[in-house]
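> here is the input, now give the coordinates:
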Amino acid sequence: MSKLDSSVKVTLGLASQVYDTNWNGEIIKDSEEVLAQLNSTMDIDSERRVAFSIVASLHKQKLRMPDEKHIGDRIGFLTRKAISNYLSDCCSIELFQIHRISLMDYLGNRLPQTPRNPSEFLAPFRCTITTEVFNFLSSQYIEYSTARESFNHAVKELRSLADLSPAGLKHHKSEVYSLLDFIGESLASAEVGHMGGWYKEKQSGICSSFEDMFRRKQANHPGYKSSQDYITRTLFSYRAPEVWRDHPPRLNAIDD
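Numbers count the residues shown, from 1 in each chain. As a prediction, the model looks like this:
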């Protein structure tokens, strides 16, 4: 087999954040670089899809953009042009970290001309990677898919536990705490972008609602029913993370 004999399909999303920071995430005043974060999905094959996050950097002098509201589109377009070279140059594709790409390293000083509508050029495209990288990506898929399945399972279990009567719920107190801890740790390990604040608020509300239910003795108490409704309604909106910035927790390790 040749060294480069595995192909994957990549879809690059629009820039979700554009900011001036260093690699540690600290905001730099009068920074010479602009960084943009983009989430990418990758089809390993027809049945296996994964996602990871990319932070692309570009020197401000290279932008030549009088209208800052289009900077994200421009960097997204340039990242799409650079990512094939980046992935073919990778020793591994780590799904549990944010990939950082300096666009000048992969495009050189002569950047491709930006089209009038850069976002229209973010269609799926194919990249060739080494067999070693493909195999490593495939092995990570097991942990990746397990994490998402475990998250959905934990949400489903909590919704079921919230339907119990006070007498039944008191026998599952430790299980509730374990599931809540698991979901909280999963969200802390995930890259959820602007939804981070929403999850933090709702997670706190769910914990408080279960604590309220543990104190109640009557299933028909208005407070008990209100807490049940809040938990069920809120968890219905929870979605398993697609992008991670750290290895996700294991549900069975928490349950043990």
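> name all residues that make contact with residue 167.
Going by CB atoms under 8 Å, 6 or more residues apart in numbering, residue 167 touches no other residue. Quick note: C-beta positions are derived from backbone N, CA and C, even for glycine.
> and it, how far from residue 226?
Separation of residue 167 from residue 226 (CB to CB, to the nearest Å): 19 Å.
> average pLDDT across the strand ranked longest in the chain?
For the chain, the strand with the greatest residue count under DSSP state E is strand 4-19. The average pLDDT for strand 4-19 rounds to 83.
> packing partners for the helix or strand just after that strand?
Later in the chain than strand 4-19, the nearest helix or strand by DSSP states H and E is strand 33-43. Helices and strands touching strand 33-43, by 3 or more CB pairs under 8 Å, 6 or more residues apart in numbering; DSSP states H and E, are strand 4-19, strand 49-59, helix 60-63, helix 71-89.
> want to throw the ones you listed into CSV with distance to residue 137?
Listed next are the helices and strands packed on strand 33-43 as CSV, based on distance: least, CB to CB, whole Å:
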stretch, distance to residue 137
strand 4-19, 8
strand 49-59, 7
helix 60-63, 31
helix 71-89, 10
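> ok, back up a step: residues making contact with the longest strand of the chain?
By CB under 8 Å, 6+ apart, strand 4-19 touches 27, 34-44, 54, 71-73, 75-76, 79-80, 83, 87-88, 119, 122-131, 133-134, 137, 193-194.
> next: stretch 130-138.
Residues from elsewhere that reach stretch 130-138 (CB under 8 Å, 6+ apart): 1, 3-6, 8, 42, 44, 48, 50, 87-88, 90-93, 95, 129.
> are any of those buried, and if so which?
Among the contacts of stretch 130-138, those classed as buried by 16 or more other CB atoms under 10 Å are 6, 8, 42, 44, 50, 87, 90, 93, 95, 129.
> out of these, which is nearest to residue 252?
Among the buried ones among the contacts of stretch 130-138, residue 95 lies closest to residue 252 (CB to CB), at 20.2 Å.
> tell me the secondary structure at the closest one.
Classification of residue 95 by DSSP: H, G, I helix; E, B strand; the rest coil places it in coil.
> from what I can see it touches residue 245, true?
No: Residue 95 lies out of contact with residue 245 (CB atoms under 8 Å); the separation is 10.0 Å.
> now the lengthiest helix in the chain against strand 33-43, angle please.
With secondary structure taken from DSSP state H, the chain has its longest helix at helix 131-162. Following axes from the mean of the first three to the mean of the last three CA atoms, to 10 degrees, one obtains 80 degrees for the angle between helix 131-162 and strand 33-43.
> mind listing what's buried in helix 131-162?
Across helix 131-162, burial judged by 16+ other CB under 10 Å covers 133-134, 136-137, 140-141, 144, 147-148, 150-151, 154-155, 157-159, 161-162.
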